[in-house]
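>>> Got a predicted structure here, sequence first:
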Amino acid sequence: MKKITRWFPDTCSCVIDFEWDTDNPNAPHTGKEVVKACLAHQGFDATAHYNKVLSENQTKNLVIKHVIENAPELVDVDEKGNKTLKNGKMAYFFDENRKLNVIATGLTALNKDAIVALIGSEKIIING
Ligand SMILES: [Zn+2]
């Protein structure tokens, strides 16, 4: 069954309705309506808009995943073994060129280089 879900990404202030199939939830989702477009995402149709915001969001998620898996100094582990970023150790924003800027306190040079290699130096810069 097709279902529409409203998405409030944590990488910008866009609000997007996307469509997905409850019988095939892992299939690619489709942008259906741009409810709100932030200043950085103007002039795209719903599909292109959704894909652009999704790509940025996934890039950010990939960085967090890498840090959680590879940088124990930035990670808290609860009694169930769940790992989360330590408070205040990492912040991020997308600059005017939509390049992901990460400020990671205590991240080793090795991990910084690995993340930049993973994402691509044209899409990310890491400070801190
Ligand atoms: Zn946006």
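Arrived safely. Numbering: from 1, shown residues only.
>>> Only C-alpha atoms from now on, for both contacts and neighbour counts.
Noted.
>>> Can you identify the helix in the protein that spans the most residues?
Secondary structure of the chain per DSSP state H: the longest helix is helix 46-70.
>>> Does anything pack onto that helix? Which helices or strands?
If you count contacts as 3 or more C-alpha pairs under 8 Å, 6 or more residues apart in numbering; DSSP states H and E, helix 46-70 packs onto strand 15-21, strand 30-36, strand 83-85, helix 109-119.
>>> partners of the second one, with directions?
Partners of strand 30-36 in the sheet, by DSSP bridges, are strand 15-21 (antiparallel).
>>> the inter-axis angle of the partner strand versus helix 46-70?
If you take axes from the mean of the first three to the mean of the last three C-alpha atoms, to 10 degrees, strand 15-21 sits at 90 degrees to helix 46-70.
>>> Quick one: check strand 15-21 for contact with the ion.
No - figure legend: strand 15-21 not in contact with the ion (C-alpha under 5 Å from the ion); closest approach 7.7 Å.
>>> Check which residues of that strand are buried.
Of all the residues in strand 15-21, those buried under the rule 16 or more other C-alpha atoms under 10 Å are 15-20.
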